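J.: With the input below, show me the fold.
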Amino acid sequence: MRKILFFIALCIFMTAPLYAAQSTIKMAEGSACMGDDKSRKQTETAAMADAKRNAVESVKTYVSSATEVKDFELQKDLVSAYANATVSVIETLEKAWYKDPAQGDCYKIKLKAEVIPDEKAMKKANEKASDAVLDDPSLPLAVKVWTDKATYRDGEKIKIYLKGNKPFFARVIYRDTAKNNLQLLPNPYRQDNYFQGGVIYEIPSGNDKFELEVNPPFGDESIIVYASVSELGDLNLKEEGSVFAVKTKTKDIGIKTRSIKVKAAVKGKAEQPAEFSEGAVVVKTKK
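T.: The predicted model follows:
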């Protein structure tokens, strides 16, 4: 669809669960030396594994120290989830071979990595915790998204609502039946995409100049919300009326959004990881 009065029928109520879409983004370094038993390729692989391991350990320590909830079991489950995390490489920042006086040829690498907690452990933590606990700002970032009712028909208008457990930056993408992507927020009239925690926000509202009205063609559509405590990475956008058409390839939107702008560490303090949350709503239009 290419209308400003566009949109869809939301067939489900969606709240981004704690375990489904959380992660933490961290700069991490790793190194390895060839010695007598490794090839150059094996050494590079070992350095990558070392960097990923360091990323997990750093994030696990961060989550353990930042999580101040009184529920000891919940905290333990969260730490366990991150201890068994998987790591996705967002970007290789630096890599080089060097000579170590004692160990000879060595390889070092610096990554921007996404540490994704174990889904089963996060689900377990989510099931144990109450809604009030999950709104605790000391927990890792969790952003919820929902609409004003469950089903919409042709001509009806939709309201989207967002709420996070702590302050966050957000990008809201609408994907139509033809797989075209429109960025609803930020948009040409509402550039501010920073939200306070514990507050419910409505889209569209404020300076938005569009309405979300159900129009044909009908079919499955989706809303994707990306959120982080740090500014999100940039996409290739083109102004289209009151919103932006996303020119970045669909498969690259997630990874480019995760190229967050991590702030440089204050002298004497360790660089803080950037918490990240992603939620998606599958939607359907009805005549």
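J.: Please make it C-alpha for all contacts and neighbour counts, starting now.
T.: Fine.
J.: and stretch 187-197, average pLDDT?
T.: Mean pLDDT, computed over stretch 187-197, is 94.
J.: Can you spell out which residues form a bridge with the residue lying closest to residue 56 once chain neighbours are set aside?
T.: Nearest residue to residue 56, sequence neighbours excluded (C-alpha to C-alpha, 6 or more residues apart in numbering): residue 115, at 6.3 Å. On the basis of DSSP bridges, residue 115 is bridged to residue 24, residue 87.
J.: can you map out the strands along the stretch 101-250 of the chain?
T.: Remark: strands assigned in the stretch 101-250 of the chain by DSSP state E, counting those that start in this stretch are 104-116, 143-147, 157-158, 160-164, 168-175, 181-185, 194-195, 201-203, 212-213, 220-228, 237-240, 243-246.
J.: I'd like these as a markdown table, with mean neighbour count and distance to residue 280 appended.
T.: Formatted as a markdown table, the strands of the stretch 101-250 of the chain follow (neighbours: other C-alpha atoms under 10 Å; distance: least, C-alpha to C-alpha, whole Å):
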| stretch | mean neighbour count | distance to residue 280 |
| --- | --- | --- |
| strand 104-116 | 22 | 17 |
| strand 143-147 | 22 | 9 |
| strand 157-158 | 21 | 16 |
| strand 160-164 | 20 | 12 |
| strand 168-175 | 22 | 9 |
| strand 181-185 | 23 | 13 |
| strand 194-195 | 18 | 18 |
| strand 201-203 | 16 | 15 |
| strand 212-213 | 21 | 17 |
| strand 220-228 | 22 | 4 |
| strand 237-240 | 15 | 20 |
| strand 243-246 | 21 | 17 |
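J.: Turn those strands into CSV, columns for distance to residue 62.
T.: CSV is the format used below for these (distance: least, C-alpha to C-alpha, whole Å):
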stretch, distance to residue 62
strand 104-116, 12
strand 143-147, 19
strand 157-158, 39
strand 160-164, 19
strand 168-175, 18
strand 181-185, 30
strand 194-195, 23
strand 201-203, 28
strand 212-213, 40
strand 220-228, 16
strand 237-240, 34
strand 243-246, 34
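J.: Looking at those strands, which is nearest to residue 255?
T.: strand 104-116 (9.8 Å; C-alpha to C-alpha).
J.: Dump the C-alpha coordinates for the closest one into PDB.
T.: Taking Å, rounded to 0.1, in the frame of the first residue of the first chain, the C-alpha atoms of strand 104-116 are listed here in PDB:
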ATOM      1  CA  GLY A 104      55.100 -15.500  18.100                       C
ATOM      2  CA  ASP A 105      52.400 -15.000  15.500                       C
ATOM      3  CA  CYS A 106      49.100 -13.900  17.100                       C
ATOM      4  CA  TYR A 107      45.800 -12.600  15.800                       C
ATOM      5  CA  LYS A 108      43.400 -10.100  17.500                       C
ATOM      6  CA  ILE A 109      39.900  -9.100  16.600                       C
ATOM      7  CA  LYS A 110      37.400  -6.500  17.900                       C
ATOM      8  CA  LEU A 111      33.700  -7.000  17.300                       C
ATOM      9  CA  LYS A 112      30.300  -5.400  17.800                       C
ATOM     10  CA  ALA A 113      28.400  -8.400  19.000                       C
ATOM     11  CA  GLU A 114      24.800  -9.100  19.900                       C
ATOM     12  CA  VAL A 115      24.500 -11.400  23.000                       C
ATOM     13  CA  ILE A 116      21.200 -13.300  22.800                       C
END
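J.: The chain should start at 23 in everything you say after this.
T.: Yep, numbering from 23; the last one is strand 126-138 now.
J.: how far does that strand sit from the chain's center?
T.: How far strand 126-138 lies from its chain's middle: 22 Å, per C-alpha atoms, centre = their mean, to the nearest Å.
J.: Check stretch 81-89 too.
T.: 18 Å.
J.: Let me see the contact set for the residue nearest to residue 78.
T.: 45-48, 77-78, 81, 104, 107-110 (C-alpha atoms under 8 Å, 6 or more residues apart in numbering).
J.: quick one: low-confidence ranges for the chain?
T.: Scanning the chain for pLDDT under 70 picks out 23-42, 90-93, 150-156, 283-293.
J.: What's the biggest helix in it, counting residues?
T.: helix 62-88 (DSSP state H).
J.: so that helix versus strand 126-138, what angle?
T.: Interaxial angle, helix 62-88 versus strand 126-138 (axes from the mean of the first three to the mean of the last three C-alpha atoms, to 10 degrees): 40 degrees.
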